[in-house]
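Participant: return atomic coordinates for the entry below.
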Amino acid sequence: MKTSKLKFAFIAFLALAAVCAIAGYPVVSPDILAGLGIMPMVIGNTDVTEILSLVQEQGRAAQEYRAKQIARIDAIEESKQMMEDFMAKAGSPFTGGSTSSRPDNGETKQFLTFMRSGREADLQQKSMSAGSDPDGGYLLPTQLDNELNKYLRQLSPMRQLARVVQVGGGELKLPFAHTRAATAWTGETSARANTAAPALKMLTIPTCEIFASPAITQTLLDDNVFDLQNWLVEELAQAFGDAEGAAFINGDGVAKPRGLFTYDVLADTDATRSHDKFQFVPTGVAGGFAPSSPADALIRLAYSLFPAYRANASWLMSPEVLEECRKFRSSTGEYLWEPSVAAGQPPTFLGYPIFEDVNIPAIASGSLSVAFGDFKRAYTITDRSTAMLRDPFTQKPYVVFYTTKRLGGGGGLDTRAVKFLKFAAS
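Facilitator: Residues are numbered from 1 along each chain as shown. Below is the predicted model:
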């Protein structure tokens with residue numbers, strides 16, 4: 001009995017050692033393992049076939065386990081590679097990644113090489129020959145221009161809210177009807193009289209030009225570790241973003257976009273108001289909200305819009321108004337302002353998204369400090385092109401990148417789509 005138990009334990013050890021060897025993790029050398037194979041016969045009568053069968057069975061189980069683990073590792077590596085490829089294609093300039101993580105774009109690489117060196121030979125490629133003028137600057141490659149526009153969108157509430165159109169000329173013309181076509185009911189065989197046709201007008205948004213001149217030393221440009229692409233995008237986005245953000249709100253339309261808050265406003269409703277003027281709703285108090293039920297003015301503003309416009313409506317307000325809105329409570333004591341429920345989404349007020357813009361006038365007597373509505377129907381932004389000229393001479397030892405961007409902006413396409421809150425008694 002004792003011999004049988006010893007034999008069984010030895011066979012189990014032998015099988016375990018064989019399994020480890022097959023799996024690639026030998027606990028004893030193959031030569032010793034082969035010698036141990038005859039030991040069961042010394043201990044007692046043991047069928048070699050029994051041992052071989054046990055080892056083979058364990059070996060197959062180990063091979064299956066190993067194959068499953070290898071397949072699992074391969075699947076993980078494949079998923080990791082797919083994620084890396086996706087992030088590389090995303091290529092956002094504000095993710096903190098280096099240029100090595102961006103997709104290899106030959107046109108962009110040539111452009112940046114020239115901006116570092118200033119050697120015309122670096123641009124002697126077919127892909128860079130079109131749309132380039134050494135006297136006025138080179139057009140930014142599409143990839144670089146797209147990165148700049150994405151960054152500008154992050155900085156500008158109006159770019160997120162308004163309609164943005166790519167144009168190829170000096171202006172954008174948008175026909176629109178400021179009166180509706182007349183309609184009439186009729187029977188199957190009744191005579192049909194002529195109805196009034198809609199009155200059409202043309203909204204013209206001229207393309208304006210803005211420039212910036214970020215500067216850097218040649219020493220940094222010669223350093224290949226320096227991320228020139230990311231630096232250019234961030235510098236230009238900050239410079240252009242501040243200027244165009246102010247123009248989209250308060251611009252006078254002279255060599256710059258006309259701001260949404262500069263159009264004429266009236267208290268008249270949509271049925272009686274001229275098509276080229278917006279409507280305002282008063283707070284009831286000059287320079288502030290009413291002492292009691294202050295949120296009622298914002299509720300009146302929201303419901304002054306047609307339901308079709310409210311479906312895609314958002315709030316656009318100054319920081320001062322936003323601060324006040326965060327304090328407003330319902331009759332049950334709950335805040336009317338609600339935080340964002342998902343990353344990247346704005347907070348809401350009365351169920352509609354809130355956007356804050358520092359360029360909107362602060363609360364004052366008669367100020368327009370809040371707008372509400374479907375901004376895509378009321379305001380249009382145009383983008384044309386961005387060009388850059390390398391200037392190593394005028395501000396030595398700095399290299400200046402004189403950059404011009406052509407864009408425009410204007411409202412009035414549908415003045416019923418956005419309403420304003422006026423801090424006035426009436």
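
Participant: contact partners for the closest residue to Gly408 other than its chain neighbours?
Facilitator: Nearest non-adjacent residue to Gly408, counting by Cβ to Cβ, 6 or more residues apart in numbering: Thr382, 4.1 Å away. Heads up, the C-betas are built off the backbone N, CA and C, glycines and all. The contact partners of Thr382, by Cβ atoms under 8 Å, 6 or more residues apart in numbering, come to Val164, Val165, Gln166, Val167, Leu172, Ile205, Thr207, Leu407, Gly408, Gly409.

Participant: out of these, which are buried?
Facilitator: Val164, Val167, Leu172, Ile205, Thr207, Leu407, Gly408, Gly409 (16 or more other Cβ atoms under 10 Å).

Participant: state the distance from the fourth one to Arg384.
Facilitator: According to Cβ to Cβ, to the nearest Å, Ile205 and Arg384 sit 11 Å apart.

Participant: mutual contacts of these two, please.
Facilitator: Joint contacts of Ile205 and Arg384 (Cβ under 8 Å, 6+ apart) are Gly408.

Participant: tell me the contacts of Gln166?
Facilitator: Gln166 makes contact with Thr382, Asp383, Arg384, according to Cβ under 8 Å, 6+ apart.

Participant: please name the nearest non-neighbouring residue to the last one.
Facilitator: So that's Arg384. Nearest to Arg384 is Arg406, by Cβ to Cβ, 6+ apart, at 3.8 Å.

Participant: helix/strand/coil for that neighbour?
Facilitator: strand (DSSP: H, G, I helix; E, B strand; the rest coil).

Participant: that one reaches Ile205, doesn't it?
Facilitator: No - counting by Cβ atoms under 8 Å, Arg406 stays clear of Ile205, with 11.9 Å between them.

Participant: if we can go back for a sec, and the contacts of Gln166, which of them are in strands?
Facilitator: Cross-referencing the contacts of Gln166 against strands under DSSP state E gives Thr382, Asp383, Arg384.

Participant: what about the last one, how many residues nearby?
Facilitator: Applying other Cβ atoms under 10 Å, we find 19 residues neighbouring Arg384.

Participant: tell me which residues touch it, please.
Facilitator: Gln166, Val167, Gly168, Gly169, Thr207, Arg406, Leu407, Gly408.

Participant: again, only using 6 Å
Facilitator: Val167, Thr207, Arg406 (Cβ atoms under 6 Å, 6 or more residues apart in numbering).

Participant: do Arg390 as well
Facilitator: Met115, Gly118.

Participant: for the helix or strand harbouring it, what is the average pLDDT?
Facilitator: Using DSSP states H and E, Arg390 maps to strand 379-391. Mean per-residue pLDDT for strand 379-391: 94.

Participant: and it, which strands flank it?
Facilitator: strand 137-139 (antiparallel), strand 163-166 (parallel), strand 398-411 (antiparallel) (DSSP bridges).

Participant: not counting sequence-adjacent ones, nearest residue to Asn312?
Facilitator: Closest to Asn312 by Cβ to Cβ, 6+ apart is Asp374, at 4.6 Å.

Participant: tell me how many other residues crowd that neighbour.
Facilitator: Neighbours of Asp374 using other Cβ under 10 Å come to 22.

Participant: which stretches of the stretch 201-350 of the chain form strands?
Facilitator: 208-212, 215-217, 265-266, 278-282, 314-317, 337-338, 348-349 (DSSP state E, counting those that start in this stretch).

Participant: list the buried residues of the second one.
Facilitator: Think strand 215-217. Using 16+ other Cβ under 10 Å as the test for burial, strand 215-217 gives Ile216.

Participant: just the residues contacting that strand, thanks.
Facilitator: Outside strand 215-217, the residues touching it (Cβ under 6 Å, 6+ apart) are Gln395, Pro397, Tyr398, Val399, Val400.

Participant: which of these are buried? Put it as a PyMOL command.
Facilitator: Paste this into PyMOL to select the buried members of the contacts of strand 215-217, with burial taken from 16+ other Cβ under 10 Å:
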select buried, resi 398+399+400
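
Participant: show me this structure divided up by domain.
Facilitator: 2-88, 136-178+199-422 (automatic domain parsing).

Participant: hey, where'd the helices end up in this protein?
Facilitator: Ranges of helices in the chain, per DSSP state H, are 2-23, 30-36, 39-43, 48-90, 106-117, 142-155, 157-161, 218-222, 228-250, 296-302, 307-310, 319-325, 375-378.

Participant: report all helices and strands that the last one contacts.
Facilitator: Spelled out, it's helix 375-378. The contact analysis (3 or more Cβ pairs under 6 Å, 6 or more residues apart in numbering; DSSP states H and E) places helix 375-378 against no helix or strand.

Participant: so can I have CSV of the buried ones among the contacts of Thr382 showing pLDDT and distance to Arg72?
Facilitator: Listed next are these as CSV, based on pLDDT from 0 to 100; distance: Cβ to Cβ, whole Å:
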residue, pLDDT, distance to Arg72
Val164, 96, 45
Val167, 93, 52
Leu172, 92, 55
Ile205, 95, 57
Thr207, 95, 56
Leu407, 96, 52
Gly408, 97, 55
Gly409, 97, 54
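
Participant: need the residues you listed in JSON lines (columns: distance to Leu139).
Facilitator: What follows is the buried ones among the contacts of Thr382, written out as JSON lines (distance: Cβ to Cβ, whole Å):
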{"residue": "Val164", "distance to Leu139": "19"}
{"residue": "Val167", "distance to Leu139": "15"}
{"residue": "Leu172", "distance to Leu139": "19"}
{"residue": "Ile205", "distance to Leu139": "21"}
{"residue": "Thr207", "distance to Leu139": "15"}
{"residue": "Leu407", "distance to Leu139": "14"}
{"residue": "Gly408", "distance to Leu139": "18"}
{"residue": "Gly409", "distance to Leu139": "21"}
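
Participant: report the two of the residues you listed separated the most.
Facilitator: Farthest-apart pair in the buried ones among the contacts of Thr382 is Val164 and Thr207; separation 13.6 Å (Cβ to Cβ).

Participant: identify the contacts common to those two.
Facilitator: Taking Cβ under 6 Å, 6+ apart as the contact rule, Val164 and Thr207 have no neighbour in common.

Participant: quick one on the thing from earlier: out of the buried ones among the contacts of Thr382, flag the one nearest to Lys327.
Facilitator: Gly409 (32.8 Å).
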